[in-house]
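In: With the sequence up front, the predicted model follows.
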Amino acid sequence: MPHASPISRRSVLGAAALAVSTVLALTGCVAGEGSSGSAAAAGNSKGGGTLNIDFATYNPLSLVIKKQGWLEASLKEQGVTVNWVQSAGSNKANEALRSGAIDVGSTAGSAALLARANGSEIKTIDIFSQPEWAALVAPAGSDIKSVADLKGKSVAATKGTDPYFFLLQALEQAGLKPSDVTVQNLQHADGRTALENGSVQAWSGLDPIMAGAEQKGAKLFYRNLDFNTYGFLNATESFLKNKPELAQAVVNAYEKARAWAAQNPDQTAQILADVAGLDLSVAKTVVLERSNLDVNPAPGDAQRKVLEKIGPTFVETGDVKTQKQIDDAVASLLDDSLVKKADPSAIKAS
C-alpha cells in the first residue's frame, strides 16, 4: 500500500533537552469571522485574573504541564487562577479561541491557518510537535486497501482539523475529488465509533484515538508524514497584548515540558494513557513513535512552507474565499518572539 514510513521518534526524544537549550541559545490543529476576545482580560496588567488554557490528548506537552501543576505554582504569587479546558479537536480549540473561552489553544497548523484566514485574531506562539497523528483507517477485514478504493465510500472526518485536510490531500494525490466520497463530519472519537459500528467504511483518524482503534484491529491503510502539519500553540491577539507576561509564562512552561518529556518518555506516555484512557503500550506508540516533540519550538520557515502548500486547498474547497486571505494569514500568523525569550527555569515546580 502507499506508505511514507514514519520517522522513528525514540532516539529523537532522548535528545530533546539538548535541542531545546540549543534553540533557546541561538534564538536568544476552524473558520470564523470577527475578533477573538480574551477571557484573561478580566485581570489587570500587573496581575490577577484567570489564564484560560486548553489541554488535549493530541498535545502531550499540555498534559505534562497540567499534571505537574507548573503554571499554578508559577502564577500563584501573581494572583492568577489557571483554568484548564479540554479540546476534543483543532476545530473545538479554534471555536474556543474565537469566542474568548480560552486564551491559549492547541491546533494543527492547517486548522490555525484556516481560522486566521477567516478572521480569527490568533497568533501561533510555539510549535509543540511535528507529529504523524493522522492517517486513513479501515476496519478489520475491509476490502479497502488504498486511497483509490475510497471512491463511492463513506468516510468519517472532522472538518477543520488535520485529519480532514489529510483526507483531501490523499484524495487529490490519488486522482479523486472530494465529491467522489461522502464525508461524514464527526468529531474524532465519534468517527472511530462510526467506523467500528459500520456507519462509515473508512475514517480519517487522529492519535491517540487512532492508535487505540489500531490496537483493536483497525488498519491504517494510508499514511503519509508529509500530509500532517505541525502542532501549533495559538493565543488570541488580545491576550498577547493585554497579558504578555502570562503568555511568556505559558511558553516557558511548554519549553520546560519539552525537556521533561525528553528525559521522562515513559512517564509522559503514562500521563497520556491516564488522560486518554489508553493502554500504556498504545500511549507509548503515540509518544515514542508518532509524536516528534523534539522540534524547533520557534514558529518560522518550516511551518510557513507547510502552510503555503496546504493553503490553496482551502480556496479550492471553498473553505476560504480568496488566495489573498491565505497569503495574508500566512504572513501574519507566526510569532516567534516568546520562544526567543523563553526561560524554562522561570517555571516553578508544584
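Out: Now that the structure is in, tell me what you want to look at. Quick caveat, the model's predicted, so the values are computed rather than measured.
In: Distance check, N264 against N59.
Out: Between N264 and N59 the computed distance is 17 Å (C-beta to C-beta, to the nearest Å). Backbone N, C-alpha and C define where each C-beta goes, glycine included.
In: the more surrounded of the two?
Out: Neighbour tally, N264 and N59, criterion other C-beta atoms under 10 Å: the higher count belongs to N59, 29 against 14.
In: what's across from that one in the sheet?
Out: A56 (DSSP bridges).
In: for T124, same thing?
Out: Bridge pairing for T124 - DSSP bridges - gives N234, L334.
In: was I right about it contacting L233?
Out: Yes: using C-beta atoms under 8 Å, T124 is in contact with L233, at 6.8 Å.
In: neighbour-wise, which of the two wins?
Out: Neighbours were tallied for T124 and for L233 using other C-beta under 10 Å; the higher tally belongs to L233 (30 against 23).
In: Verify the stated contact: the more buried one with S129.
Out: No: if you go by C-beta under 8 Å, L233 and S129 don't touch, sitting 9.7 Å apart.
In: Overlap of the contact sets of those two?
Out: Between them, L233 and S129 share these contacting residues under C-beta atoms under 8 Å, 6 or more residues apart in numbering: N59.
In: Strands of the stretch 51-200 of the chain, start to end?
Out: Applying DSSP state E, counting those that start in this stretch to the stretch 51-200 of the chain gives strands spanning 81-86, 104-108, 122-129, 134-138, 154-157, 182-185.
In: buried sites along the last one?
Out: The reference is to strand 182-185. By neighbour count with 16 or more other C-beta atoms under 10 Å, strand 182-185 contains the buried residues V183, Q184.
In: List of residues touching it?
Out: Contacts for strand 182-185 (C-beta under 8 Å, 6+ apart): 153-159, 164, 167, 191, 194, 199-200.
In: Rebuild those residues as a markdown table, extending it with neighbour count, distance to A218 and pLDDT.
Out: Listed next are the contacts of strand 182-185 as a markdown table, based on neighbours: other C-beta atoms under 10 Å; distance: C-beta to C-beta, whole Å; pLDDT from 0 to 100:
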| residue | neighbour count | distance to A218 | pLDDT |
| --- | --- | --- | --- |
| K153 | 15 | 15 | 97 |
| S154 | 16 | 16 | 97 |
| V155 | 25 | 14 | 98 |
| A156 | 28 | 12 | 97 |
| A157 | 28 | 15 | 97 |
| T158 | 29 | 17 | 93 |
| K159 | 19 | 21 | 90 |
| Y164 | 29 | 18 | 93 |
| L167 | 27 | 16 | 96 |
| G191 | 29 | 11 | 97 |
| A194 | 19 | 12 | 97 |
| S199 | 15 | 14 | 97 |
| V200 | 23 | 12 | 97 |
